[in-house]
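Chemist: need the 3D shape of this:
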Amino acid sequence: MSRISIALAAALITGSLQAQESIPEYQDPLEGIQIHEGKGYQFERSSLRALDVHDPIEGVNRRIYRFNARFDQFVYLPVVNTYEWATPRFVRTGVSNVFNNLADIPNLGNSILQGKVRKSMRTTARLLFNTTLGVVGLFDVAEKMGLPQQSEDFGQTLGFYRVPPGPYLVIPFLGPSNLRDATGQGVDWAMEDYVEFLNNREIKNNNPSIWALQAVDLRYKNPFRYGALDSPFEYSQVRYLYTKFRELQIEQ
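Modeler: So this is what the prediction gives:
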């Protein structure tokens, strides 16, 4: 699950919030926390009411969200920062390219399941070029040839066939999701197991450090930072942004 667009949208919201004036505090009964009254507050309050998302276990989700934020602050990001410090950029790029090449397997499978012929052909070409000319994906030669990666997961496939998203979920370590997308993620993993492209599952299982490297790379590529919105309503805004981003992905 990519969070790049979420982070970009969050940055836009952050910019609007930073423009609010210094004004007296107001106790909002909707959230039970101190906020500022004024233009910024009006935006926040309307967000909570108008940008509603089905979240029946919000209390549990909020606790998991806080846990993820603490884990990110004290464990995940320090490891990623050490990884950046210890490895040259070209090495990190090569690692990301290899994992992106493997990710094109579920991208291709889901494109086929949705009947997206053109996207399936482009993803097939990416796999062929990057696996051969790109040395098992170490170099993303396909993108330089005008074939950027196009993400398709089973959650999108279910959405394509009008399966509703179900309740919103925050998954430990992984972050925002919903019942449909969480189920889809499991199918994507099973798809990778079944295909066994380049014996990647066997290699990973025999070398657990590769799993750790993939987890670090996943966070390294994701620009989202907890607290970046500088807003007491971050949970609600991220929930809305994730939901709308997934709707846009399914519509494409």
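Chemist: tell me who's in contact with Val98.
Modeler: 136-138 (C-beta atoms under 8 Å, 6 or more residues apart in numbering). The C-beta positions use only the backbone N, C-alpha and C, and glycine is treated the same way.
Chemist: possible to save those as JSON lines with distance to Gly184?
Modeler: JSON lines is the format used below for these (distance: C-beta to C-beta, whole Å):
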{"residue": "Val136", "distance to Gly184": "26"}
{"residue": "Gly137", "distance to Gly184": "23"}
{"residue": "Leu138", "distance to Gly184": "28"}
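Chemist: could you single out the nearest of those residues to Phe99?
Modeler: Lowest distance from Phe99 to these (C-beta to C-beta) belongs to Gly137, with 7.9 Å.
Chemist: in which helix or strand does the residue nearest to the closest one when sequence neighbours are not counted reside?
Modeler: Distances taken as C-beta to C-beta, 6 or more residues apart in numbering place Asn101 nearest to Gly137, at 2.7 Å, with adjacent residues excluded. According to DSSP states H and E, Asn101 maps onto helix 89-113.
Chemist: for the helix or strand that that helix is followed by, buried residues please.
Modeler: Once helix 89-113 ends, the next helix or strand along the chain (criterion: DSSP H and E) is helix 117-132. For helix 117-132, burial by neighbour count (16 or more other C-beta atoms under 10 Å) applies to 119-120, 122-123, 126-127, 129-131.
Chemist: please state the offset of stretch 107-127 from the chain centre?
Modeler: The chain centroid and the centroid of stretch 107-127 are separated by 20 Å under C-alpha atoms, centre = their mean, to the nearest Å.
Chemist: so for Leu30, what's the pLDDT?
Modeler: Leu30 carries a pLDDT score of 38 in this model.
Chemist: next: His54.
Modeler: 93.
Chemist: got phi/psi on it?
Modeler: Dihedral pair for His54: phi -60, psi 110, per degrees, to the nearest 10.
Chemist: next, the contact list for it, please.
Modeler: 165-168.
Chemist: among those residues, name the buried ones.
Modeler: 165-166, 168.
Chemist: now these in a markdown table, with pLDDT?
Modeler: Converted to a markdown table, the buried ones among the contacts of His54 look like this (pLDDT from 0 to 100):
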| residue | pLDDT |
| --- | --- |
| Pro165 | 96 |
| Gly166 | 96 |
| Tyr168 | 97 |
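Chemist: and which of those is nearest to Tyr76?
Modeler: When these are compared against Tyr76 (criterion: C-beta to C-beta), the nearest one is Tyr168, at 22.1 Å.
Chemist: so who does that closest one touch?
Modeler: 53-55, 61, 176-178, 239, 243.
Chemist: so among those, which ones count as buried?
Modeler: Neighbour-count burial (16+ other C-beta under 10 Å) is assigned, among the contacts of Tyr168, to 53, 55, 61, 176-178, 239, 243.
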